[in-house]
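A.B. asks: everything below, folded, please.
(one chain, ligands or ions: 2)
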Amino acid sequence: MPDELNLDKYWAKSLKRPFYIAGPCSAESEEQVFDTAKSLKSIGIDLFRAGIWKPRTRPNSFEGIGAVGLPWLKRVKDELNLPITIEVANPRHVELALEYGIDVLWIGARTTVNPFQVQEIAEALKGVDIPVIVKNPVNPDINLWIGAFERLNNVGITKLAAMHRGFSTYEKSVFRNAPQWEIPIDLKRRLPHLPIFCDPSHIMGKREGLGEVAQKALDLNYNGIMLETHPNPAKAWSDPEQQVTPRQLNEMLGKLVIRQQATDISAAKNELEKLRANIDRIDYLTLDLLAERMDVARKIGAYKKENNITILAPERWDEIIKTRSAKSEEKKLTLEFILNLFRDIHNESIHQQTSVMRDGED
Ligand code: PEP
Ligand code: MN
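C.D. replies: Ligands and ions are numbered 1, 2, ... in the order given. Model (predicted):
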């Protein structure tokens, strides 16, 4: 089944490129909201964000100012002529957002994971074709993400966009949420007309590296970026580590390199085609080599079966890891990449050996 969505055909084109969304993680006071919005308006931000209801991991943290903050946002929209976006997580939020003239809604990562909740939000939006941005689910499940777009599209929402905010992992890394770029890239392949934004703030979880993530997203041809901005980040009531001041944001955006789309330049297109042909050739060679390696694994399996030897030899696996890691350094390949690659190759070899051992046993 193709993943085609029925999108408004002017929607993607109507978005300035790059499109910038900024504002505080949470609305805290009328003054904080208005001052931030004024600074952001002056640096040319396209859409002002603020969390009114906050989905917090643990209770007893600040769970958002609630509906009292909505008139503050309405004031920003009316007095500064700056469109507003907020997160909605249930039909009541939707109703209030519409009542206060919120321009764009977004569905948070913890809501996208729940089809019941997404369906309820979709039903509350029936008959209102407001733009909705859907953040990726916290878990790396592209179908859950696509399912949310389909639920919204089924009730008639035709101005949809994706927001890549990274994925939860148990092991802590330099990221608060691992970007797993292959997932949004795959989303773009499956839904080529769907605009996509990146949220470096929730990917990094800290101020360092925000510019690099934003640059990478623009280099991957994303439509825009969302960055959390606060007049005094260290004092923010939520996500203090990752917010930047409007001035820091302006500096960061000033450093971003905006590249043309390759399809606009025919020389680039030709050069890229040549390089891609080379990549294709190398990938097919890699496949041949992998097939050859698995043939050998099956021969080892047959030998072990004949001689009644167990499959898993921990010393051998240890040796593979050591020698391949050393080689990765020499070849200037990332160690983590090589370790993951060989773990997968080794798992498949074991699988191949096991199936040879079982042959004729069923
Ligand atoms: C947010 O944008 O403030 C937020 C809560 O994000 P996420 O749903 O990505 O965690
Ligand atoms: Mn936040």
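
A.B. asks: contact residues of the stretch 1-150 of the chain facing ligand 1?
C.D. replies: Within the stretch 1-150 of the chain, the residues that sit near ligand 1 (CB under 6 Å from any ligand atom) are 25, 51, 55, 108, 109, 110, 135. Placement of C-beta: from N, CA and C, glycine included.

A.B. asks: any of these buried? List them.
C.D. replies: Burial by neighbour count, judged by 16 or more other CB atoms under 10 Å, picks out 25, 51, 108, 109, 110, 135 from those.

A.B. asks: show me the residues you listed that map onto strands.
C.D. replies: residue 135 (DSSP state E).

A.B. asks: for the closest residue to residue 177 other than its chain neighbours, what are its contacts?
C.D. replies: Of all residues beyond its chain neighbours, the one nearest residue 177 is residue 166 (2.9 Å), with distances taken as CB to CB, 6 or more residues apart in numbering. For residue 166, the set of contacting residues under the criterion of CB atoms under 8 Å, 6 or more residues apart in numbering consists of 136, 175, 176, 177, 178, 179, 180, 199, 202, 203.

A.B. asks: any idea how far residue 166 is from residue 217?
C.D. replies: When distance is defined by CB to CB, to the nearest Å, residue 166 is 11 Å away from residue 217.

A.B. asks: find the residues that touch each one of these two.
C.D. replies: Here residue 166 and residue 217 have no joint contacts, going by CB under 8 Å, 6+ apart.

A.B. asks: low pLDDT regions in the stretch 251-362 of the chain?
C.D. replies: Low-confidence segments of the stretch 251-362 of the chain, defined by pLDDT under 70: 262-264, 360-362.

A.B. asks: for it, which segments count as helices?
C.D. replies: Read by DSSP state H, counting those that start in this stretch, the stretch 251-362 of the chain holds these helices, from start to end of the chain: 266-307, 314-330, 335-358.

A.B. asks: quick one: the strands in this structure?
C.D. replies: 19-23, 47-49, 84-87, 104-107, 132-135, 160-164, 196-198, 224-228.

A.B. asks: including distance to residue 281 and mean pLDDT, could those go into JSON lines?
C.D. replies: Shown next, in JSON lines, are the strands of the chain (distance: least, CB to CB, whole Å; pLDDT from 0 to 100):
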{"stretch": "strand 19-23", "distance to residue 281": "37", "mean pLDDT": "98"}
{"stretch": "strand 47-49", "distance to residue 281": "44", "mean pLDDT": "98"}
{"stretch": "strand 84-87", "distance to residue 281": "45", "mean pLDDT": "98"}
{"stretch": "strand 104-107", "distance to residue 281": "42", "mean pLDDT": "98"}
{"stretch": "strand 132-135", "distance to residue 281": "38", "mean pLDDT": "98"}
{"stretch": "strand 160-164", "distance to residue 281": "31", "mean pLDDT": "98"}
{"stretch": "strand 196-198", "distance to residue 281": "30", "mean pLDDT": "98"}
{"stretch": "strand 224-228", "distance to residue 281": "35", "mean pLDDT": "98"}
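
A.B. asks: so for residue 292, which of these sits nearest?
C.D. replies: Residue 292 sits nearest to strand 160-164 of all the strands of the chain, at 37.2 Å, using CB to CB.

A.B. asks: look up phi and psi at whatever residue of the stretch 51-200 of the chain ends up closest to ligand 1.
C.D. replies: Closest approach between the stretch 51-200 of the chain and ligand 1, counting by CB to the nearest ligand atom: residue 108, at 3.1 Å. When quoted as degrees, to the nearest 10, the phi and psi of residue 108 stand at phi -80, psi 160.

A.B. asks: mind checking how far the residue nearest to it when sequence neighbours are not counted is from ligand 2?
C.D. replies: Once its chain neighbours are removed from consideration, residue 108 has its nearest residue in residue 87; the separation is 4.8 Å (CB to CB, 6+ apart). Using CB to the ion, to the nearest Å, we find residue 87 at a distance of 9 Å from ligand 2.

A.B. asks: just residue 223 next, same as before
C.D. replies: According to CB to the ion, residue 223 stands 21 Å off from ligand 2.

A.B. asks: and what of residue 342?
C.D. replies: From residue 342 to ligand 2 the distance is 37 Å (CB to the ion).

A.B. asks: who's in contact with stretch 299-310?
C.D. replies: Residues outside stretch 299-310 that contact it (CB under 8 Å, 6+ apart): 311, 349, 352, 353, 354, 355, 356, 357, 359.

A.B. asks: which residue, other than its chain neighbours, is closest to the fifth one?
C.D. replies: With CB to CB, 6+ apart as the criterion, residue 354 has its nearest non-adjacent residue at 6.2 Å, and that residue is residue 311.

A.B. asks: about what we covered before: what's opposite the residue nearest to residue 108 in the beta bridge?
C.D. replies: Beta-bridge partners for residue 87, by DSSP bridges, are residue 106.
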